[in-house]
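would you be able to build a 3D model of this:
(2 chains)
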Amino acid sequence: MKAPKKALLFFILPFGLLFTAFYLAPILYAIKQSLCRVERTGTFGPAVEVFGGLTQYQRVFADGPFWESIGRVLLFGVVQVPVMLGLALFLALLLDSGLVKGRRFFRLAFFVPYAVPGVVAAIMWGFLYSPSLSPFDAVTGNVDLLSADVVLWSMANVVTWVYVGYNMLIIYSSLLAIPQEVYEAARIDGAGAVRTAWAIKIPLVMPAIVLTTVFSIIGTLQLLAEPQVFRTFSSAVTSTYTPNLTVYSTSSIPNFNLAAAFSVVLALATCLLSFAFLKVTQRGGDK
Amino acid sequence: MKRVTPMVIMGAATFYFLVPIWWLFVAASKTRSEFTSTTPLWFADFALIDNLKELFAYRDGVFLRWMLNSVVYTGGAALLGTILAAMCGYALAKYRFRGREAIFDIVLGGVLVPATALALPLFLIFSQFEATNTFWSVFLPSLVNPFGVYLARIYATASVPDELLEASRLDGSGEIRTFFTISSRLMFPALVTIFLFHFVAVWNNFLLPLIMLGEERLFPVTLGLYTWNTQVNQLPELRMLVLTGALVSIVPLVIAFLLLQRFWRNGLGSGAIK
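Residues are numbered from 1 along each chain as shown, chains lettered A, B, ... in the order given. Just a heads-up that it's a prediction; the model follows:
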């Protein structure tokens, strides 16, 4: 349909302006900042911002701890994302299988952790992991859940706990949207619940799984609230533990130009990774 | 027998998801000495009311202020943000005009940009206007929700028929009026979904207020609890306040979820199916 110009402006302009001011402008500004450096005339002279070319990026690429932290969140993602989404898919299929009573209750119970903000969830689990306070001491007594070797996976558990129900719900709603006729043929062939789930349901909810995976990848690379909170519980979590913590601690030095360069590299890496994942899964779907 | 295994699995999952919250409720009902000395998963003396009183009285009720801030930041941003995203998504779905796809692609690209990457440059921009450490510095950026535009577009395409718009045009209704009186009603379930997603995202937002705000009285509740938690080692009395506050902070969202259940149950998948 065609629309009068006035109406179009009315619909699009408010969002467009805000999007420009608080999305596009910051991105451009970050890129500009990352290309600058601060110069001082003499030791005590005033600081002046001058064009620095790729100086900041050279520092980013030479920054060992930053790349270590990238490696850490990638490792985290490679393990945590499949575990979380596998669990979400499994629970969604169970809910949809007709073998479970009280579906409304379970759906709600699994979704409740999503109502807990990341910071609050991290504080709560931080207490639960503390050896002297933990109610699971009998089970976990031999492992220090806040030690350097384990704390990454302790945080993975916090993230998993918060987001399984949310992801399950997305997958489950797309299971509900599958028309019943689709199952007819399978029923006539005598396919059991497991076979139906594997051969029919999972392929049909693939778009939902892809969507949740992309969001999870983005979330993983952005990991911030959990490690930031865990710094009070565990000395193993350093101020450069995840890329976003590096951005934050660099900007509180303050070294805004370097922090901006970190931000840009991280945002690019995130976009590339989620884009690559989308491409790969799309190609798989064409076969 | 066949039903037993699935039910056992569901039971175990329920245990995993709900026990931490149960623990929090129990912990918030204890006195400070009982918290460390009694069994973690069951009540001692029920001191929840006293803890709540102490929480709300501490430092002239700063916690209540944080809760109110969170409600205003989040409720306001989600409500306004949903309306703006719905209008934009609706226009992108129902009208043909030059640059439509380009606009949509840019907005969609915005979905892939991590929100935390924006926090620092936003801080730098706001500091040029000397507007950091203000209500607006957190509120305004929270209004923008590109994913909401994406969902609104999908849903408007699916649920608002062209014939209806043509008919209401013939009846002499303007485009804007048609949107608010007819189209937005048809899109309502999707709008509730967008609202809920947006609400949760802003309620959880941590980096932006952490970077923007210095003054305690402007904090949202997440940032407030976080600062208290970092001080627990110096001020041990804060520990019970952190626990009680954590419990209180999740109540509004749980209530919102319960009230709006009917909508998110079915609406959540709408983005993924098409």
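
pull up the gap between the closest residue in space to A:T160 that isn't next to it in sequence and B:P161, please.
Nearest residue to A:T160 in three dimensions, chain neighbours excluded: A:M84, at 4.6 Å (Cβ to Cβ, 6 or more residues apart in numbering or on different chains). Where C-beta positions appear, they are placed from N, C-alpha and C, glycine not excepted. Going from A:M84 to B:P161 by Cβ to Cβ, to the nearest Å gives 39 Å.

which of these two has more neighbours?
Neighbours per residue, other Cβ atoms under 10 Å in any protein chain shown: of A:M84 and B:P161, the larger number sits with A:M84, 26 against 12.

and the closest residue to chain B within the stretch 51-200 of chain A, which of the three is it?
The nearest approach of the stretch 51-200 of chain A to chain B comes at A:S173, 2.7 Å away (Cβ to the nearest Cβ). The three-state label given to A:S173 by DSSP: H, G, I helix; E, B strand; the rest coil is helix.

for B:R59, report the pLDDT, please.
On pLDDT, B:R59 comes in at 87.

buried residues, stretch A:267-276. List them.
A:A267, A:A269, A:T270, A:C271, A:L273, A:S274 (16 or more other Cβ atoms under 10 Å in any protein chain shown).

out of the residues you listed, who's near chain B?
Filtering the buried residues of stretch A:267-276 for proximity to chain B by Cβ under 8 Å from any Cβ of the partner chain leaves A:A267, A:T270, A:C271, A:S274.

out of these, flag the one nearest to B:L118.
Distance to B:L118 across these (Cβ to Cβ) is lowest for A:A267, with 8.5 Å.

gap between that closest one and A:P26?
From A:A267 to A:P26 the distance is 10 Å (Cβ to Cβ).

cool, and B:L196?
Counting by Cβ to Cβ, the gap from B:L196 to A:P26 is 26 Å.

so which strand or helix has the most centrally placed residue in chain B?
Per Cα atoms, centre = their mean, the C-alpha nearest to the average position across chain B is that of B:V200, at 1.9 Å. Assigned by DSSP states H and E, B:V200 belongs to helix B:188-204.

low-confidence ranges, the chain, go.
All of this refers to chain A. A:137-142, A:284-287 (pLDDT under 70).

chain B, not that one
B:1-2, B:264-274.

hmm, try it at 80
Scanning chain B with the threshold set as pLDDT under 80 gives B:1-3, B:32-41, B:43-46, B:114-116, B:256, B:260-274.

would you map out the domains in it?
According to automatic domain parsing, chain B comprises the domains B:1-46, B:51-273.

my read: the residue nearest to A:T160 touches A:W161, true?
No. Using Cβ atoms under 8 Å, A:M84 is not in contact with A:W161; the gap is 9.2 Å.

contact partners for B:A246?
Residues near B:A246 by Cβ atoms under 8 Å, 6 or more residues apart in numbering or on different chains: A:V120, A:I123, A:M124, B:L24, B:A28, B:L225.

grab the longest helix from chain A for me.
As assigned by DSSP state H, the longest helix anywhere in chain A is helix A:64-96.

three-state assignment of the residue in chain A sticking out farthest from the centre?
Most distant residue from the mean C-alpha position of chain A: A:G42, 44.5 Å away (Cα atoms, centre = their mean). In three-state terms, and counting by three-state DSSP, A:G42 is coil.

measure it to chain B for me?
26 Å (Cβ to the nearest Cβ, to the nearest Å).

A:K279 now?
When A:K279 is compared with chain B (using Cβ to the nearest Cβ), they lie 13 Å apart.

between the helix or strand hosting that residue and helix A:64-96, how big is the angle?
Per DSSP H and E, A:K279 falls inside helix A:256-286. Relative orientation of helix A:256-286 and helix A:64-96, computed by axes from the mean of the first three to the mean of the last three Cα atoms, to 10 degrees: 40 degrees.

figure out how far helix A:256-286 is from the centre of its chain.
From the chain centre to the centre of helix A:256-286 is a distance of 12 Å (Cα atoms, centre = their mean, to the nearest Å).

and if you look at stretch A:72-81?
10 Å.

and that stretch, anywhere near chain B?
No. Contact of stretch A:72-81 with chain B is not found when judged by Cβ under 8 Å from any Cβ; the minimum separation is 11.7 Å.

hmm, who's touching that stretch?
A:152-153, A:155-156, A:159-160, A:213, A:216-217, A:220-221, A:223, A:241-243.

taking those together, which two end up most distant?
Using Cβ to Cβ, the contacts of stretch A:72-81 span at most 23.7 Å, a distance reached by A:T213 and A:Y241.

the more surrounded of these two?
Higher neighbour count among A:T213 and A:Y241: A:Y241, with 27 against 20, using other Cβ under 10 Å.

show me what contacts the more buried one?
Per Cβ under 8 Å, 6+ apart, neighbours of A:Y241: A:S69, A:R72, A:P227, A:R231.
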